[in-house]
Every structure is written in structure tokens, then in C-alpha cells.
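[1] pasting the structure only:
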Ligand code: PMP
């Protein structure tokens, strides 16, 4: 979802951006107008995340999965070893993409018991010495599980934050690189964000395309080639909206409030709504549950659609129900779902 105010602004500005009689998508990326949009977007992003000056921000083409390949290309040029932590689908996929470029180790950090939990004992992970980085995903969107504690490691920590950046304050200094797609909490599909500490510059493999080189694009403020100008504009509007709403502490309060509404019902009716994630690791962006049969799930989704509660199907790999409660989803939307779930459970 996009916030209503953002959709409204896009609608108004599409035909006449700042009195120019054209849309932002028609303006040159080298001109002052677009530069200002991009600069403001980066400024808001940095201020929301409290980024120190030695971290650089980029908005690049290609979504999160392109970054799965760009990470090893950009970071394994000098030392080709990296370790990948996994407890869900996306981190494993990041590893599978990256392992074509280097000597990688996949470390599954799930505990073997149910409910699904993460083994936080770093000494159990058997990370290797002398690695270029350790990769993790802070929120597994498909399984609805999050890393609730950021480990302190010797190697630079790199994180996919596609589905949880901006839902709460986070100290980016715990990471040397953070990346993700923007279509969940920062805008619309067609862009990815990369936040990189400058100590990771100049480590790219020779085969890295210039257009996707972290070092080059960071120095050029994402303007080495033509960026997705419309996508950057929308991200700028979303970041402005987050600032206006009160920033990340307000987003965190709302995320917690929305998640609690649904998890409380899951816990109240465990025979109807089955969620196998240990409460400590439950996602605050994506709530996953199953009903006792596929027929019940179909009936649940159909009844929800009749009330205008849309897109509740789980990911195609896992089935079940997925409730995505990114920042733009109002608390009222989740309240409406909670009421429906309660009625469904007692009927
Ligand atoms: N990582 C995570 C955590 C995601 O949630 C997603 C998308 N759902 C991706 C990667 C892939 O993003 P994209 O489709 O932009 O490549």
C-alpha cells in the first residue's frame, strides 16, 4: 500500500509538476528539478535513520533479488569468502544467487523444535575466520519471522531489510551494509535501496557493471546512469509522509499495535488460527497463519473479500494466510480484519 496522501499527491502532480505543465517522469535526471527531488529524498532517508556521514545511500534499479547478485560482485573482489545466515526463504535464496560468485557457507540458525525459533548462540553458528561479510535477513516475509536481536560479529554484517526497514528505529551502525526493495515500506516496485559504509568500497569484482557498482553509484549519488526517476520521486513522498507522521518511533508504535491485534486473536483461538512462530520471533510486518483445512482457508479469504479485506492469501510456496501490515496500512484496516477473524472463529 501507499499512504493515501502520497497517492493523492502523485495524482495532483502528474499533469502539472510545480507549474511546469509536465510530470516528474518527463524531466531530465540531470536537471535541477529532479536533482532536488533526489537530494531531498536522500536527506529524509538519512535523517529518519540517523545515518552518520560515513554511510552512503543509493537508489538502484533491480529490486532486492538483483542485490542478491550485486552483493558478492561488489564485496568479494578481494576476499571471496562470505557466510550466510538463514532461517527462511529469502536469506536462502540470497545465498543460492551469491554462491555463483564466491566461496560461501550457508548457516541455518533455526532451532529444530516447534514453535519456530532462532538459535541466538553465536558460537553454535560456526562462522568462518577471514570472511568478507556475514549476510542475514532481518525479517523473513514469507514465514513471518524476524531476527529480534542483531548479533555482534567480527566480520561486517550485511542485511536484507526489504520488509522491515522503517517499521521501527534501528541502529544502522550495527551493519556495514543494508539493502532491500522499496515496494513494501518505501514506495513502488522498480527500485532498491542500498546503505553502505565506506569501508566496503573498492572491493568489487572486475565483472561488476558500472551501473551497479556500489562505489561508483555512491560517489555519483545514484546518478551514474539514469535512475528510476519516478520511483525515486514516490520514495521521496513516502519518506516525507513518514517524517510528517512523526518518524520511526510513531511507525514502531503503530506496527506493534497492529501486530498485537492479530497475534492476540491467534493466541485466543489457536485451534482456528495456527501460527508456529515462537512469540519472541514473530514478525511485526507479516503475520502468517493457517486454518485447519484448505476449505476453511478458502472460506476465510472469500468472506474477507466480501468485506473489502483483500490480498490475504499466503505466499504461493507456503499457502495459508498472510497479513501484511506495512506502514501505510492504517490501524483501522487491521481492526476491521481483527473483527472479522473474531466472528469467523466463533461462528
Ligand atoms: N527479500 C525479502 C525479505 C523480500 O520480502 C523480498 C520480496 N518479497 C525480496 C527479497 C525480493 O524482492 P524483489 O521482488 O524486489 O526482488
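    Arrived safely, thanks for sending. Please read all numbers here as calculations on a predicted model, not as lab measurements. Numbering: from 1, shown residues only.
[2] how about the residues of the protein near the ligand?
    Residues of the chain lying close to the ligand by C-beta under 6 Å from any ligand atom are 63, 64, 65, 90, 137, 141, 160, 162, 163, 181. Glycine gets a C-beta too; all of them are placed from N, C-alpha and C.
[3] just name the closest of the residues you listed to residue 202, please.
    residue 160 (22.8 Å; C-beta to C-beta).
[4] what's across from that closest one in the sheet?
    residue 137, residue 179 (DSSP bridges).
[5] got a list of what it touches?
    64, 67, 90, 91, 94, 135, 136, 137, 138, 179, 180 (C-beta atoms under 8 Å, 6 or more residues apart in numbering).
[6] can I get the residues of the chain next to the ligand in CSV with secondary structure and pLDDT?
    What follows is the residues of the chain next to the ligand, written out as CSV (DSSP: H, G, I helix; E, B strand; the rest coil; pLDDT from 0 to 100):
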residue, secondary structure, pLDDT
63, helix, 95
64, helix, 98
65, helix, 98
90, helix, 98
137, strand, 98
141, coil, 96
160, strand, 98
162, coil, 98
163, coil, 98
181, strand, 98
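[7] and the residue of the chain that's closest to the ligand?
    Residue nearest to the ligand within the chain: residue 63 (2.6 Å; C-beta to the nearest ligand atom).
[8] excluding chain neighbours, what is closest to that residue?
    Excluding the flanking residues, the one nearest residue 63 by C-beta to C-beta, 6 or more residues apart in numbering is residue 181, at 4.6 Å.
[9] that neighbour: neighbouring residues, count only.
    24 (other C-beta atoms under 10 Å).
[10] I figured it was touching residue 162, is that so?
    Yes. The pair residue 181 and residue 162 passes the contact test of C-beta atoms under 8 Å, sitting 4.8 Å apart.
[11] what is in contact with those two at once?
    Counting by C-beta under 8 Å, 6+ apart, the residues touching both residue 181 and residue 162 are residue 64.
[12] ok, back up a step: of the contacts of residue 160, closest to residue 303?
    residue 90 (30.1 Å).
[13] ok, now which ones touch that closest one?
    64, 137, 140, 141, 142, 160, 162 are the contacts of residue 90 under C-beta under 8 Å, 6+ apart.
[14] show me just the buried residues among the residues you listed.
    Buried by 16 or more other C-beta atoms under 10 Å: 64, 137, 140, 141, 142, 160, 162, out of the contacts of residue 90.
[15] got CSV for these, with distance to residue 18 too?
    Converted to CSV, the buried ones among the contacts of residue 90 look like this (distance: C-beta to C-beta, whole Å):
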residue, distance to residue 18
64, 32
137, 39
140, 41
141, 36
142, 41
160, 35
162, 32
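[16] ok, and the closest non-adjacent residue to residue 201?
    residue 215 (4.4 Å).
[17] do residue 195 as well
    Here the residue nearest residue 195, using C-beta to C-beta, 6+ apart, is residue 178, at 4.5 Å.
[18] my read: that neighbour touches residue 162, true?
    No. Residue 178 lies out of contact with residue 162 (C-beta under 8 Å); the separation is 10.1 Å.
[19] how about the residue nearest to residue 201, phi and psi?
    With angles defined as degrees, to the nearest 10, residue 215 sits at phi -60, psi -50.
[20] ok, now which ones touch it?
    74, 201, 202, 204.
[21] can you pull the contacts of residue 259?
    282, 283, 284, 287, 325.
[22] no no, residue 132
    The contact partners of residue 132, taken as C-beta under 8 Å, 6+ apart, are 75, 76, 78, 79, 80, 81, 82, 102, 155, 156, 203.
[23] hang on, the second one packs against residue 101?
    Put plainly, it is residue 76. Yes. Between residue 76 and residue 101 there is a contact under C-beta under 8 Å: 5.9 Å.
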